[in-house]
Each structure stands twice: as C-alpha cells, then as structure tokens.
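Student: Generate a structure from the sequence data that follows.
(2 chains)
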Amino acid sequence: MSINELWTTAHGMVFGFIFLLGFAGALYGVYMMKPEWLTAEGASTNVNRLRIFLWVLAIAVWLAVFSGTYIAYPLYRATPPEGALDLTNFPRYLLLANESTAFWHKFGMEWKEHVAFISPLAATVVAFVVQYYGASLARKPEIRRWVMIFFAVAFFAASIAGMFGAFITKAAPIR
Amino acid sequence: MTTAEINKPNGPVAAALLAGGIGSAVLGLLTFGAEASEGIKTLMNWYNPVGPLMGKSSLGIIAFFLSWVILNSLWKGKETNFGRIAIIAMVLVAVGLIFTFPPVWSMLLGGE
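Tutor: Reported below is the predicted structural model:
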C-alpha cells in the first residue's frame, strides 16, 4: 500500500471503525446503568470502564474526522493538470467526469464530509456526561436517556460518513 | 456512589449538551451558507487543499468549545431546566443534520 492508501485506511478502517464497532457496547453500558439492575460495586466498576471506553471512542472519532479532513480529503480533491486524460489519481474529478458516478461526489462526499463533524461533538458530550456523573448517572434516568439519544446521533453521523466513504473508495480510491 | 455524586447539579451537563447543539447548528448553517453564497464559500476557504470545509468545520468546532466554556461558567454549580435545554440542544442538532444534507440545498436553492 502507498502512504496515501495507508492514511485512508487509518482514517476509515482504524479510527472510524473503532468508533462504529465500539458504539453498541458503549450504548449498552449506558443503558445498563439502572439502580435495580446493579449493585453499588457493580455500578462503580461498570462506570469506570465505561468512562475510559467512551473517551477512547470520542478520541477515535475526532482522529477519524481530522485524518479525513486534513490528509485524505486533500488527496481526494486534488486538481489534475490541465488536459489530463487519466484521472485515476484525482478521485473527485474522476467521479465527476462520468454522469453515472457523479452522484457519489455530489451527494455522497458532500454529505459525508459535513455530517461527519457532528459525530465527535456528540461523542464528546456523551463522554463528558458519564465522566461527570459517574455511577450516579444510574439514578438520573432523564439525563441517561438524553445521553443515549446524543450517542445515537453520533453513531448516525459516523455511519453515514463510513458508508459513503466505503462506496467512494470503491468507485474512486485514493492511491 | 456518594451523596455528593448523586446531588451533583446538572448545570455543567446541560452546558455540554447545549454546546453540542450549538456546534452542530453552526456547522449546518455555514455549510448551507457556503452553498448559497460564493462570498461565504470563499470566506470559509482557509486552506486551499481542504477548501471551504476547513472554515466550516473549524468554526463549528470553535462554536462548540467556546459555547461550552461560556455556558459552563454560567451554569456551574446550578440546577437548570434540563429537559427544556436538552430539547433545544436536539433541535439545534437537527438543524445541523438538516443543513448538511445535500438535497436540502437543492430544495431551498433550486438546481440539482
């Protein structure tokens, strides 16, 4: 793999993947924080692990958006030289050159590159709330509910970015 | 779980949630603004290789952290109407989600 391909892989298949894969477990950890289901010791042990897990996921999704924006994206939108016929190394222009693939840029990349940034904001909020309340979050069902909603928003944004990233990479990979 | 932990005021949490909403809304509105106006698009182009995405995303992130700091200083140690603030935060997040969705741009601005 070239260095460009390695960075693209790190962006999607490492940082993004960590968040998307870890989401379900973390959401379940928050959902499980019910006082009738946990002993005091269980709540304390669970929340300490959950705190670390949520910060790891938040950091992963920040790394995903920054590596995407400042490393992969410039490579994606690089301008070909005047009169270039081979657009293989210019993914954005390659997609736009053909009506059958232009959709992947005009809809897919345009949506993905923007909506993705909502994910780290929401994930950071979730990590902070669990950090702040700790085990006592079990006794705050309303706040716990909103935490789960925010986390679902983070997952939705990241999954859109991940899905279109995979499709676009298939259609016009960064080399 | 100590009594102090159970009785922690919800102000800082409300601040974080609302800041998340503000950051999302700023991102969404700037994204739409850049589509609607070449002037805004140019203003958002802080670094050519990344293009206007850098300005839009950076201002959204700045809005998030700055509003968090301000709101936290206002609500630290206080109980807030958490339910109402959470709803406002979600409305703002929805603004961000809606205005980062390309078909909305076409619908509001016309064209493809």
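
Student: Centre of the chain to stretch B:57-77, how far?
Tutor: 9 Å (CA atoms, centre = their mean, to the nearest Å).

Student: quick one: that stretch near chain A?
Tutor: Yes: Stretch B:57-77 reaches chain A (CB under 8 Å from any CB of the partner chain) through B:57, B:60, B:61, B:64. The way it works is simple: take the backbone N, C-alpha and C, and place the C-beta from them, glycine included.

Student: So how do I select the buried members of the residues you listed in PyMOL?
Tutor: For the buried members of the residues of stretch B:57-77 next to chain A, the matching PyMOL selection, counting by 16 or more other CB atoms under 10 Å in any protein chain shown, is:
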select buried, chain B and resi 57+60+61+64
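
Student: Can you name the residues that contact residue 60?
Tutor: Using chain A. By CB atoms under 8 Å, 6 or more residues apart in numbering or on different chains, the contact set of residue A:60 is A:15, A:16, A:18, A:19, A:22.

Student: wrong chain, I was asking about chain B
Tutor: Residue B:60 makes contacts with A:117, A:121, B:23, B:24, B:26, B:27, B:30, B:96, as judged by CB under 8 Å, 6+ apart.

Student: Filter the contacts of residue A:60 down to the buried ones, ChimeraX style.
Tutor: Provided next is the ChimeraX selection string for whichever of the contacts of residue A:60 are buried by 16+ other CB under 10 Å:
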select /A:15,16,18,19,22
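
Student: Narrow the contacts of residue A:60 to those in helices?
Tutor: A:18, A:19, A:22 (DSSP state H).

Student: if we can go back for a sec, farthest pair within the contacts of residue B:60?
Tutor: Farthest pair in those (CB to CB) is A:121 and B:30. Separation: 13.9 Å.

Student: Which of the two has more residues huddled nearby?
Tutor: residue A:121 (32 against 26; other CB atoms under 10 Å in any protein chain shown).

Student: Near chain A, which residues of chain B are found?
Tutor: So chain B meets chain A at B:1, B:5-6, B:8, B:10, B:12-13, B:16-17, B:19-20, B:23-24, B:27-28, B:31, B:49-51, B:53-54, B:56-57, B:60-61, B:64, B:82-83, B:86, B:90, B:93, B:96-97, B:100-103, B:112 (CB under 8 Å from any CB).
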